[in-house]
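Trainee: got a predicted model here, sequence first, then my questions.
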Amino acid sequence: MSTRALAILALVAPLTAAAQVSYSQAAITGERPYYQRDTLRACNERNELLWDRKAFLDQDQRALDLDGRRLDRMKVRLDEQYRLLDWGNNAAIADYNARSDEYNRLIGAHNQRIAQMNGAAALLNADSSELTRYCANVVSIR
């Protein structure tokens, strides 16, 4: 082959390669994913129920926050009363102790409600995770 023929081949080869059309020989095998209508409904219903539970937990959290602020104000008053307490007055000491005992009882009840709330939130998180696993790619989880 001469140099001239080689040069022409070098110029023409890219043009012929660009003009070639290629068709994929790949074939889609297997069945398309099939989701039963009941599964979709179940996923949607479970999703909505979880959002309802979350809304209730949010309401409970707001109530706990209000209660916590009330208890904080009560503690500030108790601390001020303690600071001004007349240690020679047994009636004043008994009165302060009664208010302090009531505050401690309220704090115990508040802490119990917080523990219940934490348990409910943990259960909601576990159920949400299970929904995501079970209904992955089936429903748009908001």
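Mentor: Alright, I've got the coordinates.

Trainee: shaky segments in this structure?
Mentor: Residues of the chain meeting the criterion pLDDT under 70: 1-39, 137-142.

Trainee: scan it for its longest helix.
Mentor: Secondary structure of the chain per DSSP state H: the longest helix is helix 37-83.

Trainee: check which helices and strands the next helix or strand after that one sits against.
Mentor: Next along the chain after helix 37-83, taking DSSP states H and E as the criterion, comes helix 90-134. Helix 90-134 makes packing contacts with helix 37-83 when contacts are defined by 3 or more CB pairs under 8 Å, 6 or more residues apart in numbering; DSSP states H and E. The C-beta positions use only the backbone N, C-alpha and C, and glycine is treated the same way.

Trainee: so the helix it packs on versus helix 90-134, what angle?
Mentor: Relative orientation of helix 37-83 versus helix 90-134 (axes from the mean of the first three to the mean of the last three CA atoms, to 10 degrees): 160 degrees.

Trainee: same for helix 37-83, what does it pack against?
Mentor: Using 3+ CB pairs under 8 Å, 6+ apart, helix 37-83 sits against helix 90-134.
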